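Enquirer: 3D, please:
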Amino acid sequence: MSIKKVICLASGLLLMLPMTVYADEVSGADTAWVLTSTALVLFMTLPGLALFYSGLVRAKNVLSILMQCFAIACTVSIIWMVIAYGLAFGDGGSLNKFVGGGKILMSGIGLDSVSGTIPETVFFMFQMTFAIITPALAVGAFAERMKFSALLWFTALFMVLVYAPVCHWVWGGGWLADLGFMDFAGGSVVHINAGVAALVAALIIGNRNGFPDTPMPPHNMTLTVMGASMLWVGWFGFNAGSALTAGSSAGMAMVVTHISAAAGSLAWMACEWVRYGKPSVLGIVTGMVAGLATITPASGYVGPVGALIIGISAGVVCYFATQYVKRSLKIDDSLDVFTVHGLGGMLGLLLTAVFAASLDGLGLETSMGAQFVTQLIGIVAVTIWCAVLCFIILKLIDKTIGLRVSIDEETEGLDIVLHNERGYTL
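Expert: The predicted model follows:
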């Protein structure tokens, strides 16, 4: 072999070296699954949640809900890139137990950045979709009456001050992670945050004009069922994707997610059937969402039997909680965000301690009682943090640009008032 050929061969090997190291660190199967899960979770918000919520409001507000979900996706994406990802998953130095830092504008994240067995860019995108759906879920509590500008400001401040710190506590190496708090896919980070923010917003902004005496039925249940079906499918990415691998943990998470959704649907339907004599489509799809929200924190830690009990519990508990909040307390959480997502997330976190099984090395390392106390500490901490910060944010917005449209504008409908468009022209 000539000297020229040897030099060429050596140069080629040197050029290949970074790629070889990268390939050894990154799993193609894991990357492919998390990429797929990322698309599924975004599919939950756009179009899943957007259609689910838009069918539940009155016809004069259908476009406002679609617009809010779409705008939240855009707003959170930019904020996540600029600062929130670093606050959630960066190194916060001396404050690292409470909040992260760095990675502003994705600094330091390139083609060769790795998170576990997947590229960090993929992890960044996967976690972004969780951040997107959290404030989008809260939209249901103040539907049909909040100013669009107020929504955008609330979304931005919520993401930086509420969501990112809690995400760091649980998944970014913060104090709850050190405590042994178990939240596989977002019972606290997503569902308690969304539910508590929704309840605080509903209380501050007030009931819709005419609630609870004026009937306000969903205007298009077909849209709602379509959206609910998309949520069910997308939730596989939400829970099974949180394994961050394409292995057995993801498989079991998918199984228990499906079982809990089905059990929650049937349990809610049964409660409604017994109480009112007829099962409703709205009831069965709402029960499905309750089952999905409640299994979320437990999905990586429980088996099929635990998922069945969790799903049934979700359907029953969330059904009666919804009736109590609307009929007894007369709080206009318009689309039942707190009782389905907030309480569902809390219930799932507590039941995680009860039904946790050793699945792929992710089981309990303490006694059930000790883990139950840890779960309770996490629930209380996240609830208080979210409630206090959301109260401050909403009050600040109300004192500056105002939270709510006028009564006349609410009567006319947000589609025309805020966007100068109509959802239906027939």
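
Enquirer: can you pull out the helices in the stretch 251-400 of the chain?
Expert: Secondary structure of the stretch 251-400 of the chain, counting by DSSP state H, counting those that start in this stretch: helices at 281-295, 304-323, 337, 343-355, 368-400.

Enquirer: Show me what the second one is packed against.
Expert: Meaning helix 304-323. For helix 304-323, the helices and strands in contact under the criterion 3 or more Cβ pairs under 8 Å, 6 or more residues apart in numbering; DSSP states H and E are helix 248-276, helix 281-295, helix 343-355. Yep, even glycine has a C-beta here, placed from its N, CA and C like the rest.

Enquirer: Comparing those, which comes out most buried?
Expert: Mean neighbour count, computed with mean count of other Cβ atoms under 10 Å, is highest for helix 281-295 among the helices and strands packed on helix 304-323, reaching a mean of 28.

Enquirer: Run the chain-centre distance for that helix.
Expert: Put simply, helix 281-295 sits 15 Å off its chain's centre (Cα atoms, centre = their mean, to the nearest Å).

Enquirer: circling back: a markdown table please, covering the helices of the stretch 251-400 of the chain and showing mean pLDDT.
Expert: Below are the helices of the stretch 251-400 of the chain laid out as a markdown table (pLDDT from 0 to 100):
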| stretch | mean pLDDT |
| --- | --- |
| helix 281-295 | 98 |
| helix 304-323 | 97 |
| helix 337 | 97 |
| helix 343-355 | 97 |
| helix 368-400 | 97 |
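
Enquirer: now the helices and strands packed on helix 304-323 in TSV, with distance to Met125?
Expert: Shown next, in TSV, are the helices and strands packed on helix 304-323 (distance: least, Cβ to Cβ, whole Å):
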stretch	distance to Met125
helix 248-276	17
helix 281-295	22
helix 343-355	23
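
Enquirer: right, and those - which one's nearest Ile407?
Expert: For the helices and strands packed on helix 304-323, proximity to Ile407 was assessed by Cβ to Cβ; helix 281-295 is nearest, at 27.2 Å.

Enquirer: tell me which strands and helices that closest one is in contact with?
Expert: Packing contacts for helix 281-295, counted by 3+ Cβ pairs under 8 Å, 6+ apart, involve helix 50-56, helix 221-240, helix 248-276, helix 304-323, helix 343-355.

Enquirer: now for the helices of the stretch 251-400 of the chain, which one comes closest to Ser188?
Expert: For Ser188, the closest of the helices of the stretch 251-400 of the chain is helix 368-400, at 4.6 Å, according to Cβ to Cβ.

Enquirer: so what secondary structure elements neighbour the helix or strand following the closest one?
Expert: Downstream of helix 368-400, the first helix or strand assigned by DSSP states H and E is helix 407-412. Packed against helix 407-412 by the contact rule (3+ Cβ pairs under 8 Å, 6+ apart) you find no helix or strand.

Enquirer: start at 59 instead
Expert: From this message on, residue numbering opens at 59, which makes the last subject helix 465-470.

Enquirer: In PDB, list the C-alpha atoms belonging to helix 465-470.
Expert: Provided in PDB are the C-alpha atoms of helix 465-470 (Å, rounded to 0.1, in the frame of the first residue of the first chain):
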ATOM      1  CA  ILE A 465     -70.600  41.500  29.400                       C
ATOM      2  CA  ASP A 466     -71.700  42.800  26.000                       C
ATOM      3  CA  GLU A 467     -68.700  41.300  24.300                       C
ATOM      4  CA  GLU A 468     -69.200  38.000  26.100                       C
ATOM      5  CA  THR A 469     -72.800  37.900  25.000                       C
ATOM      6  CA  GLU A 470     -71.800  38.600  21.400                       C
END
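
Enquirer: buried set for that helix?
Expert: For helix 465-470, burial by neighbour count (16 or more other Cβ atoms under 10 Å) applies to Glu468.

Enquirer: can you redo the helices of the stretch 309-458 of the chain as CSV with distance to Phe101?
Expert: Below are those laid out as CSV (distance: least, Cβ to Cβ, whole Å):
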stretch, distance to Phe101
helix 339-353, 14
helix 362-381, 22
helix 395, 20
helix 401-413, 21
helix 426-458, 26
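
Enquirer: Out of those helices, the one nearest Ala222 is which?
Expert: Judged by Cβ to Cβ, the one of these that comes nearest to Ala222 is helix 426-458, at 11.2 Å.

Enquirer: now the angle from the closest one to helix 401-413?
Expert: 170 degrees (axes from the mean of the first three to the mean of the last three Cα atoms, to 10 degrees).

Enquirer: Tell me the gap between helix 426-458 and the middle of its chain.
Expert: Distance, centroid of helix 426-458 to centroid of chain: 16 Å (Cα atoms, centre = their mean).

Enquirer: Pull out the buried residues from that helix.
Expert: Buried positions in helix 426-458, judged by neighbour count with 16+ other Cβ under 10 Å: 429-430, 432-433, 436-437, 439-441, 443-445, 447-448, 451-452, 455.

Enquirer: Tell me the spacing between Thr380 and Gly150.
Expert: 38 Å (Cβ to Cβ, to the nearest Å).

Enquirer: for the closest residue to Asp236 other than its chain neighbours, what are its contacts?
Expert: Leaving out its chain neighbours, the residue that sits closest to Asp236 by Cβ to Cβ, 6 or more residues apart in numbering is Lys155, at 7.0 Å. Residues in contact with Lys155, defined by Cβ atoms under 8 Å, 6 or more residues apart in numbering, are Gly232, Trp233, Asp236.

Enquirer: Leu261 too?
Expert: For Leu261, the contacting residues are Ile389, by Cβ under 8 Å, 6+ apart.

Enquirer: can we see that at 10 Å?
Expert: For Leu261, the contact set (Cβ atoms under 10 Å, 6 or more residues apart in numbering) comprises Ala199, Leu387, Ile389, Asp390, Asp391, Phe396, Ala445, Phe449, Leu452.

Enquirer: looking at it, the first one is touching Leu452, isn't it?
Expert: No. Shown here, Ala199 and Leu452 do not form a contact pair, counting by Cβ atoms under 10 Å, at 11.4 Å.

Enquirer: list residues touching both of those two?
Expert: Ala255, Val258, Ala259, Leu261, Ile263.

Enquirer: Can I get the buried ones among these as something I can paste into ChimeraX?
Expert: Of the shared contacts of Ala199 and Leu452, the buried ones go into a single ChimeraX selection, burial set by 16+ other Cβ under 10 Å:
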select :255,258,259,261,263
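
Enquirer: got the shared contacts of Ala199 and Leu452 as a markdown table, with pLDDT columns?
Expert: Shown next, in a markdown table, are these (pLDDT from 0 to 100):
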| residue | pLDDT |
| --- | --- |
| Ala255 | 98 |
| Val258 | 98 |
| Ala259 | 98 |
| Leu261 | 97 |
| Ile263 | 97 |
